[in-house]
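Novice: give me a model of this one.
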Amino acid sequence: QVQLVESGGGLVQPGDSLRLSCAASGFTLDDYAMGWFRQAPGKEREGVACITPREDTTYYANSVKGRFTISRDNAKNTLYLQIDSLEPEDTAVYYCAADYYYGGLGRDDYSYWGQGTQVTVSS
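Specialist: Below is the predicted model of the structure:
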């Protein structure tokens, strides 16, 4: 069965960098569209980055362009999100998501979700 497990979150200071990981099992990562989402307290879950299957075309929310980088390691069946120049506004629970047919930055585009990893940016 499809399983997604995020890791790599934590408490960091503004300006720091962080790399989140999403270990996938039960499917071949390269066959699926993958996305990263985040949800801050009291806010809707928003898509921040996604990557298409096989061609690995990437898309980003305007709010994170230039600071976030999504990538995948098919040999490790793992998805990554590199976050640079962290800001307090990046504080949220970060989720990875997978879908065989769709993919994009909308929540409804994905069928499978991980449990999330907390990122807190504070001085």
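
Novice: give the residue spans of the protein that score low on pLDDT.
Specialist: Within the chain, no stretch has pLDDT under 70.

Novice: contact partners for the spatially most central residue of it?
Specialist: In the chain, the centroid-proximal residue (C-alpha atoms, centre = their mean) is Trp36; its distance is 2.4 Å. Residues near Trp36 by C-beta atoms under 8 Å, 6 or more residues apart in numbering: 20, 22, 47-50, 68, 70, 79, 81, 94-97. For the C-beta atoms, the positions are set from N, CA and C on the backbone; glycine is no exception.

Novice: a markdown table please, covering those and showing neighbour count and secondary structure.
Specialist: Converted to a markdown table, these look like this (neighbours: other C-beta atoms under 10 Å; DSSP: H, G, I helix; E, B strand; the rest coil):
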| residue | neighbour count | secondary structure |
| --- | --- | --- |
| Leu20 | 23 | strand |
| Cys22 | 27 | strand |
| Gly47 | 22 | strand |
| Val48 | 24 | strand |
| Ala49 | 25 | strand |
| Cys50 | 25 | strand |
| Phe68 | 21 | strand |
| Ile70 | 23 | strand |
| Leu79 | 28 | strand |
| Leu81 | 26 | strand |
| Tyr94 | 23 | strand |
| Tyr95 | 24 | strand |
| Cys96 | 29 | strand |
| Ala97 | 24 | strand |
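
Novice: appreciated, that's everything.
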